[in-house]
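Engineer: just the structure for this:
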Amino acid sequence: MANGTEGWCMAKAKKTKPRDHLIRWRVSLITATPAKFVDFTMAPDAETAEEQVAEAHDISVELRSRLVAVREDLRQSFKSRGQ
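Structural biologist: Numbering: from 1, shown residues only. Okay, here's the model as predicted:
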């Protein structure tokens, strides 16, 4: 190969750690069917999202185990609204 690319390599893309991204989470309290929506929050993971919402809404320690955070895909929610 005489095109001058021998020994040349591309720079690797900088990878970000998963915790560097904040994801939108939909947090609900499971008390009955359907679960009661509490709030949206931006957090790196589901556990952190549940803790943030529990503190923001003064949810008792007894009920915190009934919180569930579901990742909210913003692209999907825009599609479902016809945008």
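
Engineer: ok, the closest residue to residue 67 other than its chain neighbours - contacts?
Structural biologist: Leaving aside its chain neighbours, residue 67 sits nearest to residue 50 (4.4 Å; criterion: CB to CB, 6 or more residues apart in numbering). C-betas here are computed from N, CA, C, even on glycine. Taking CB atoms under 8 Å, 6 or more residues apart in numbering as the criterion, residue 50 is in contact with 27, 64, 67, 68, 69.

Engineer: are we agreed that residue 69 is in a strand?
Structural biologist: Yes - per DSSP: H, G, I helix; E, B strand; the rest coil, residue 69 lies within a strand segment.

Engineer: and the helices in this structure?
Structural biologist: Here the chain has its helices, by DSSP state H, at 46-56, 74-80.

Engineer: model confidence over the last one, on average?
Structural biologist: Along helix 74-80, the predicted confidence averages to a pLDDT of 57.

Engineer: what of stretch 26-38?
Structural biologist: On average, stretch 26-38 scores 93.

Engineer: got a list of contacts for that stretch?
Structural biologist: For stretch 26-38, using CB under 8 Å, 6+ apart, the contacting residues are 39-41, 49-50, 53, 57, 59, 63, 66-72.

Engineer: which of the residues you listed tops the neighbour count?
Structural biologist: residue 49 (27 neighbours; other CB atoms under 10 Å).

Engineer: quick one: residues contacting that residue.
Structural biologist: Neighbours of residue 49 in contact, by CB under 8 Å, 6+ apart: 25, 27, 41, 43, 69.
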